[in-house]
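*Asks:* Only the shape, not the letters, is given here:
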């Protein structure tokens, strides 16, 4: 004799679907925990909301990208701005060619970092500002950053650097 439908162990009924969803949630939580374990120590207890708020106040603009990365590994641990702004190639300003915000992280480890600005279009109606360097961390995190703005009201690299210094401090980095 077949068991009643309410007691079936297949995943086609409501209780079976609940069990499948529970398993999926458990596996998802395990995957997140595993990935979190791979994060560098500098990423632990990073307050994304506080960073978003402080960076938004300091240099927030629809065309802004700010990346924070672990200095030792180069692993990006935080991104402010749309992926488009972080991956688009813009004039490097102080060298031939173009860069993305991620490419520019290599300048963050240089003594003094890098700050550059230039027109991003031939007629000079839009500019790009770059800033890269170490994060002056009050919590002893070993972080570097890369920031870029592009547009009619983009800040120069030196101004981005100064404003982010304050934003990082206020965010508790």
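*Replies:* Received it, and whenever you're ready, just let me know what you need. The structure presented is a predicted model; accordingly, all values stated were derived computationally and were not measured. Residues are numbered from 1 along each chain as shown.
*Asks:* Only C-alpha atoms from now on, for both contacts and neighbour counts.
*Replies:* Fine.
*Asks:* What separation is there between residue 101 and residue 57?
*Replies:* To residue 57, residue 101 is 20 Å away according to Cα to Cα, to the nearest Å.
*Asks:* Look at the two and report which has more neighbours.
*Replies:* Between residue 101 and residue 57, residue 101 has the larger neighbour count (other Cα atoms under 10 Å), namely 25 against 13.
*Asks:* That one reaches residue 148, doesn't it?
*Replies:* Yes: using Cα atoms under 8 Å, residue 101 makes contact with residue 148 at a distance of 6.4 Å.
*Asks:* Give the intersection of the neighbour lists for these two.
*Replies:* By Cα atoms under 8 Å, 6 or more residues apart in numbering, residue 101 and residue 148 have these common neighbours: 65, 66, 86.
*Asks:* What is the burial count for the residue nearest to the first one when sequence neighbours are not counted?
*Replies:* With Cα to Cα, 6 or more residues apart in numbering as the criterion, residue 65 has its nearest non-adjacent residue at 4.7 Å, and that residue is residue 81. Applying other Cα under 10 Å, we find 19 residues neighbouring residue 81.
*Asks:* isn't residue 81 right up against residue 66?
*Replies:* Yes: the criterion here is Cα under 8 Å, and residue 81 meets it with residue 66 at 6.7 Å.
*Asks:* and the residue nearest to residue 65, what does it touch?
*Replies:* 62, 63, 64, 65, 66.
*Asks:* quick one, phi/psi of it?
*Replies:* Backbone torsions of residue 81, given as degrees, to the nearest 10, read phi 110, psi 170.
*Asks:* That one and residue 138, how far apart?
*Replies:* Taken as Cα to Cα, the span from residue 81 to residue 138 is 24 Å.
*Asks:* likewise residue 63?
*Replies:* According to Cα to Cα, residue 63 and residue 138 sit 28 Å apart.
*Asks:* next one: residue 60
*Replies:* Counting by Cα to Cα - residue 60 and residue 138 are separated by 23 Å.
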